[in-house]
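# coordinates only, sequence not included:
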Ligand code: NAP
Ligand code: HSE
């Protein structure tokens, strides 16, 4: 039986998980893949560090460059995180004809065009199932299983850490910092958890999914990304009162004019929508294709074993590609789309929470500004306060273009009866 030589760059949460699960299911993998997936090298940053899972003896190296130089390494698995060094490693691995597996969404979202152009030129596959939604096989599904479809839309919860935080805040009343610390301890968060909470980890994944679905690399600088940092327990309570749950939602839509909408924003998801019940570290991706109709993927979106499952799936594909090369290198560009819809033009309903003076005429002034902008209000909540105090005013807004909504909000903020930072969140329309 043939051995496939693997070099692991990174032996943290995911890298160690890949090693442990390759060991655990070695016999099964041999049967299924028809070869032995053998770890030949493991590169880490700090060889002297004490680890829960020790680097296996005889394969440790202090720099990823050794993976490139070792002829026994046929597949380079990049699980280091970061951008510049992984980029260098992956490009050089491709140049040397080594198959690449990576879980690095930040890198692919920023440099996917460059990496896949080189992969195609050199005819070297790059696999990246772990880059989107942890253990859910969404990349393979979009790339292969749904090849017959135009993608009409995708709605996705694709950051386990932020979904975990939102769930713990809503259901157990935890504060933001404690919930984040729990997600970090569980191995869900990025090395820099800012990316999880500011929406960009989900943003990177949405960019990869949209790029794959629509056949062009979506420019990250034009994608609207907002995080969960400003969501308050009050917003969660108001949302619940109105029949919604607050989620960090990736929205990908094929628009009628041929452009593509891509965004990640905190959104109020109707309780009747199955995505509202996705809790904790779980992710879910609802795909609508013109042939398949609706399909829903659900599973753990982060953590050691689920992510290792995706990486090992890619290793099996790499092993097959080594034995029977084929003309598919991980990303297939096509010319049917090519333009991102500017976020100002995107239309949706909104939730708006304002801190206002509790006195006659305030609601009328705010409604007046919205009316002038041709923006309609669908419902209002104003919890009772003692007269003369400040009050929270929550408005549910009918479909409006985001740019027009933001201009109206700027006018509303300038009113002398409006105080505090307003909260404006997209609302996912009921089906
Ligand atoms: P991690 O626990 O921080 O592990 C990173 C590993 O890379 C460590 O072993 C570290 O070495 C090594 N490393 C970092 N820089 C290096 C360098 N310059 N040279 C050699 N080794 C280096 O990270 P992780 O959670 O496993 O995530 C790894 C990648 O998978 C990231 O791209 C992440 O976005 C992605 N991912 C993670 C998850 C998840 O649930 N954690 C899920 C999907 C995708 P030391 O051990 O010596 O520090
Ligand atoms: N930090 C990421 C998350 C890991 O929480 O979803 C999985 O990509």
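All right, it came through fine. All values reported here derive from a predicted model rather than from experimental measurement. Ligands and ions are numbered 1, 2, ... in the order given.

# which stretches of the stretch 1-150 of the chain form helices?
Using DSSP state H, counting those that start in this stretch, the helices of the stretch 1-150 of the chain run over residues 13-24, 26-33, 65-69, 84-95, 105-122, 138-140.

# near ligand 2, which residues of the stretch 51-200 of the chain?
Counting by C-beta under 6 Å from any ligand atom, the stretch 51-200 of the chain comes close to ligand 2 at 134, 159-161, 188-190, 196. C-beta: built from backbone N, CA, C; applies to glycine.

# Of those, which is the most crowded?
residue 159 (36 neighbours; other C-beta atoms under 10 Å).

# show me what contacts the residue nearest to residue 271 when sequence neighbours are not counted?
Leaving aside its sequence neighbours, residue 271 sits nearest to residue 243 (C-beta to C-beta, 6 or more residues apart in numbering; 5.2 Å). Shown in contact with residue 243 (C-beta atoms under 8 Å, 6 or more residues apart in numbering): 270-272.

# who wins for neighbours among those?
residue 270 (17 neighbours).

# how deep is the residue nearest to that one when sequence neighbours are not counted tucked in, by neighbour count?
Leaving aside its sequence neighbours, residue 270 sits nearest to residue 430 (C-beta to C-beta, 6+ apart; 4.7 Å). Using other C-beta under 10 Å, residue 430 has 12 other residues around it.

# again with residue 183
The local packing of residue 183 (other C-beta under 10 Å) involves 25 other residues.

# Angles on the backbone of it, please.
phi -70, psi -40 (degrees, to the nearest 10).

# mind giving me CSV with the contacts of residue 243 and columns for secondary structure and pLDDT?
Compiled in CSV, the contacts of residue 243 are given as follows (DSSP: H, G, I helix; E, B strand; the rest coil; pLDDT from 0 to 100):
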residue, secondary structure, pLDDT
270, strand, 98
271, coil, 97
272, coil, 97
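
# quick one: stretch 401-417 to chain centroid distance?
29 Å (C-alpha atoms, centre = their mean, to the nearest Å).

# Which residues does that stretch contact?
Residues contacting stretch 401-417 (C-beta under 8 Å, 6+ apart): 224, 342-348, 350, 352, 354, 356-357, 359, 361-362, 365-366, 369-370, 372-375, 397, 418, 422, 424.

# just checking, which of the residues of the stretch 51-200 of the chain next to ligand 2 belong to helices?
160-161, 196 (DSSP state H).

# Pipe those residues into a markdown table and attach pLDDT per row.
Below are these laid out as a markdown table (pLDDT from 0 to 100):
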| residue | pLDDT |
| --- | --- |
| 160 | 98 |
| 161 | 98 |
| 196 | 98 |
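
# now the strands for the stretch 101-250 of the chain?
Secondary structure of the stretch 101-250 of the chain by DSSP state E, counting those that start in this stretch: the strands cover 126-127, 151-157, 224-225, 244-254.

# Give the residue spans of the stretch 1-150 of the chain that score low on pLDDT.
Across the stretch 1-150 of the chain, nothing is flagged by pLDDT under 70.

# repeat for the stretch 201-350 of the chain
Using pLDDT under 70, the stretch 201-350 of the chain has no residue that qualifies.

# How about it: which residue is closest to ligand 1?
Closest to ligand 1 within the stretch 201-350 of the chain is residue 302: 3.5 Å, counting by C-beta to the nearest ligand atom.

# Residue numbers of the stretch 51-200 of the chain in contact with ligand 1?
64, 79-81, 85, 103-104, 130, 134, 187-188, 190-191.

# The stretch 251-400 of the chain too?
Counting by C-beta under 6 Å from any ligand atom, the stretch 251-400 of the chain sits next to ligand 1 at 302-303, 307.

# Now intersect those with the helices, please.
Checked against DSSP H, these include these in helices: residue 307.

# hang on, the earlier thing: adding distance to residue 174, write the contacts of residue 243 out as CSV.
Below are the contacts of residue 243 laid out as CSV (distance: C-beta to C-beta, whole Å):
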residue, distance to residue 174
270, 24
271, 21
272, 26
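
# In terms of distance to residue 24, which of these ranks first?
Using C-beta to C-beta, residue 271 comes nearest to residue 24 of the contacts of residue 243, at 39.4 Å.

# quick one: contacts for the closest one?
Residue 271 touches 243-245, counting by C-beta under 8 Å, 6+ apart.

# Look at the residue lying closest to residue 308 once chain neighbours are set aside and say how many residues are nearby.
Nearest residue to residue 308, sequence neighbours excluded (C-beta to C-beta, 6+ apart): residue 17, at 3.5 Å. Other residues within reach of residue 17, judged by other C-beta under 10 Å, total 24.
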